[in-house]
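need coordinates for the following:
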Amino acid sequence: MFDQNNQSNNSNVEYERFNSDGTKKGTKKEKKSHKGILLLLIVLAIMIVGGNSIVITKANQYKLIRRFGRVQNVITQAGLGFKVPFIDSVDTIPNQLLLYDLPASDVITSDKKTMILDSYVLWRINDPLKFAQTLSCSVSNAERRIDTIVYNATKNTISNMKQDEVIMSRDGKMTVTVAQEESDVVNNDLEINSETKEVIEIKSLTEEIMDQINHVEEQYGIEIVTVEAKKLDLPDDNKQAVYTRMISERENIAAQYTAEGKAQAKMIENTTDKEVSIMISDAQAQAEATIAQGEAEYMRILSSAYSDPEKTDFYSFVRALDALEESMNGDNKTIILSDDSPIAQIFNGKY
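From the prediction side, this is the model:
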């Protein structure tokens, strides 16, 4: 009985150990699972720390690495950089050409003419450290400073120029018409020397403004590339007066051209009349000379005819007939002739 009970107890003990072994095997699995989680957490921590220590700089960016607010490094080249994780911070500054559209503003010229100027500015950051120190890495702060600086420079520039000069200097070129010489009339044609136009390079409005803002780069670490005028207009209340003045000027110019045209037309008319008179006089003189030559030839022929006795009677007879023909014109056909008349001699049979 004792052995059986002992064996029974032993079997029970082995069964309990088996359960114990089984339980122990289950504990090892839990340990492996904890190790996997711990390894995963370590990997995640390494990734977070590594990611927080890498600084990626693009081609259109500057990176400023700060440590407790103080700039430790300025990255100006595109690529990868490094910082101390959770201690250093990074500021991003644009490294590209920026556009700032200035609000339209009123400016007054030296001849007291008000104009509306709408312009824009192209600018860039060329010293990121000074930009961070003076403008706190803020593009908005930079645009406010640019607005003030460009407006003052524009106001000072235009206030020293007349309205016509402002308009002409917008493109930086001015077309000048060279005065023409006096017109000449040759061979009944009016010869007018053609007007020549020359393009003169003048200082543009942009250049005038840029001359006054070169200090911006040194002061704030930025560069203003150019200031361009989008629109240069007059106030609405002044437009009608300006248009009226322009119309009056154009009418004066038209009247001047009309007067010059009439003067040139009168010159052509006088020249033509003179040439016609000369041509008529020459033609009349030539005609008189021709008639004289014909009469001389006629007299020569007559002289030659009368100098021949055989032909004298015939030509006398012909001339008498011609004279009779001339005298028989009209309604009165009665002729009274003396005996010695050549015509009477015809009827008397002397020819």
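
quick one: low-confidence parts of the stretch 51-200 of the chain?
For the stretch 51-200 of the chain, the stretches with pLDDT under 70 are 51, 171-200.

hmm, try it at 80
51-53, 69, 82, 84, 86, 164, 167-200 (pLDDT under 80).

quick one: the helices in it?
With DSSP state H, counting those that start in this stretch applied, the stretch 51-200 of the chain shows helices at 128-135, 139-159, 163-168, listed in chain order.

can you mark which positions in the last one are buried?
Along helix 163-168, these residues count as buried under the neighbour rule (16 or more other CB atoms under 10 Å): 163, 165-166, 168. (C-beta placed from N, C-alpha, C; glycine too.)

coming back round to it: for T258, which of the helices of the stretch 51-200 of the chain is the nearest?
helix 163-168 (25.2 Å; CB to CB).

pull the distance from that closest one to the chain's centre.
Distance of helix 163-168 from the chain centroid (CA atoms, centre = their mean, to the nearest Å) equals 15 Å.

pull the residues that contact it.
Contacts made with helix 163-168 from outside it, assessed by CB atoms under 8 Å, 6 or more residues apart in numbering, are listed as 109, 111, 113, 115, 158, 174, 202, 205, 232.

N95: what's it in contact with?
59-62, 76, 124-125, 128.

mind putting the helices of the stretch 51-200 of the chain into JSON lines with distance to I54?
Below are the helices of the stretch 51-200 of the chain laid out as JSON lines (distance: least, CB to CB, whole Å):
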{"stretch": "helix 128-135", "distance to I54": "20"}
{"stretch": "helix 139-159", "distance to I54": "25"}
{"stretch": "helix 163-168", "distance to I54": "54"}
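
closest one to E228 among the ones you listed?
Using CB to CB, the helices of the stretch 51-200 of the chain put helix 139-159 closest to E228, at 10.9 Å.

what comes up buried for the closest one?
139, 142-143, 145-146, 149-151, 153-155, 157-158.

if we can go back for a sec, out of the helices of the stretch 51-200 of the chain, which comes closest to M210?
Nearest of the helices of the stretch 51-200 of the chain (CB to CB): helix 139-159, 8.1 Å.

what packs against that closest one?
If contacts are counted by 3 or more CB pairs under 8 Å, 6 or more residues apart in numbering; DSSP states H and E, helix 139-159 sits against strand 98-101, strand 105-108, strand 114-125, helix 128-135, helix 205-210, helix 216-220, strand 222-233.

returning to what we had before: closest to E297 among the buried residues of helix 139-159?
Using CB to CB, the buried residues of helix 139-159 come closest to E297 at I158, 90.1 Å.

the closest one contacts L117, correct?
Yes: the pair I158 / L117 is scored as a contact, 7.4 Å apart, by CB atoms under 8 Å.

quickly list what's touching both of these two.
Listed as contacting both I158 and L117 by CB under 8 Å, 6+ apart are V107.

quick revisit: closest one to A283 out of the contacts of N95, please.
Using CB to CB, R124 is the member of the contacts of N95 that sits closest to A283, with 84.7 Å.

ok, now which ones touch that closest one?
So R124 contacts 95-98, 222-223, 225 (CB under 8 Å, 6+ apart).

out of these, which end up buried?
For the contacts of R124, a burial check counting by 16+ other CB under 10 Å picks out 95, 98, 222.

identify the bridge partners of the second one.
Applying DSSP bridges to L98 gives these bridge partners: W123.

circling back to that earlier point, mind putting the buried residues of helix 139-159 in CSV, distance to T290 included?
Shown next, in CSV, are the buried residues of helix 139-159 (distance: CB to CB, whole Å):
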residue, distance to T290
V139, 100
A142, 99
E143, 97
R145, 98
I146, 94
I149, 93
V150, 89
Y151, 90
A153, 87
T154, 84
K155, 86
T157, 81
I158, 80
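
top of the contacts of helix 163-168 by neighbour count?
L205 (26 neighbours; other CB atoms under 10 Å).

isn't that one right up against N160?
No: with contacts counted by CB under 8 Å, L205 stays clear of N160, the gap being 11.7 Å.

tell me how the protein divides into domains.
Domain segmentation of the chain under automatic domain parsing yields 24-84, 97-179+195-233, 281-347.

out of those, nearest to R250?
domain 97-179+195-233 (15.4 Å).

how close does the nearest residue to F131 once chain neighbours are set aside sit to D233?
Counting by CB to CB, 6 or more residues apart in numbering, G221 is the residue found nearest to F131 once chain neighbours are left out, at 3.9 Å. To D233, G221 is 35 Å away according to CB to CB, to the nearest Å.

now T206
Distance, T206 to D233, by CB to CB: 18 Å.

do D331 as well
From D331 to D233 the distance is 94 Å (CB to CB).

kindly report the same for V71.
45 Å.

same question, I54
Taking CB to CB, one finds I54 at 53 Å from D233.

same question, T271
50 Å.

okay, those two: which has more neighbours?
Counted by other CB under 10 Å, T271 and D233 do not tie: T271 has more neighbours, with 16 against 12.
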